[in-house]
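Undergrad: Next come a sequence and a model predicted from it.
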Amino acid sequence: MAIVTVTLIVIANVANLDNASVHRAKWIKERIEIWAKRGLRIFYLPPYSPHLNIEEIVWRKLKCEWLRPEDYIDDETLQYAVNRCLANIGKNLTINFSLFNIK
């Protein structure tokens, strides 16, 4: 008789939320248990932790490094520049999330 070992890999769906008031709203809290039964886990980032929030990091890089002063001339130019930058993340524009990224 052969013994077969089966490894089960469970992939969880996780939503990371910051501490914005909309994420702490009553209707969100009321649905957390329902979502958990469907396989969605809600994870709240610790307060005052923008370094853990990828969106905050992307917007900081966008505003401080990737956009040029001339990109702010008008709404259309800014929208085009933002779209250009977001489309180039991972290609020409990168973010190093290493803790040892010291300059």
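TA: Thanks, I have the structure now.

Undergrad: Before we move on, what's the pLDDT of the residue nearest to the spatial centre of the chain?
TA: Nearest to the geometric centre of the chain sits I54, at 3.9 Å (C-alpha atoms, centre = their mean). On the pLDDT scale, I54 is placed at 80.

Undergrad: quick one: the strands in the protein?
TA: 13-17, 40-44 (DSSP state E).

Undergrad: Show me what the last one is packed against.
TA: Under the contact criterion of 3 or more C-beta pairs under 8 Å, 6 or more residues apart in numbering; DSSP states H and E, the helices and strands touching strand 40-44 comprise strand 13-17, helix 26-37. Bear in mind the C-beta positions are built from the backbone N, C-alpha and C, glycine included.

Undergrad: May I see the strands of the chain organised as CSV, with distance to E65 added?
TA: Listed next are the strands of the chain as CSV, based on distance: least, C-beta to C-beta, whole Å:
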stretch, distance to E65
strand 13-17, 24
strand 40-44, 28
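
Undergrad: looking at these, which has the lowest confidence?
TA: Of all the strands of the chain, the minimum mean pLDDT falls on strand 13-17 (a mean of 86).

Undergrad: Any stretches of this structure with poor pLDDT?
TA: For the chain, the stretches with pLDDT under 70 are 1, 5-11, 97-103.

Undergrad: what does the domain assignment say about it?
TA: The chain breaks down into these domains under automatic domain parsing: 13-47, 53-87.
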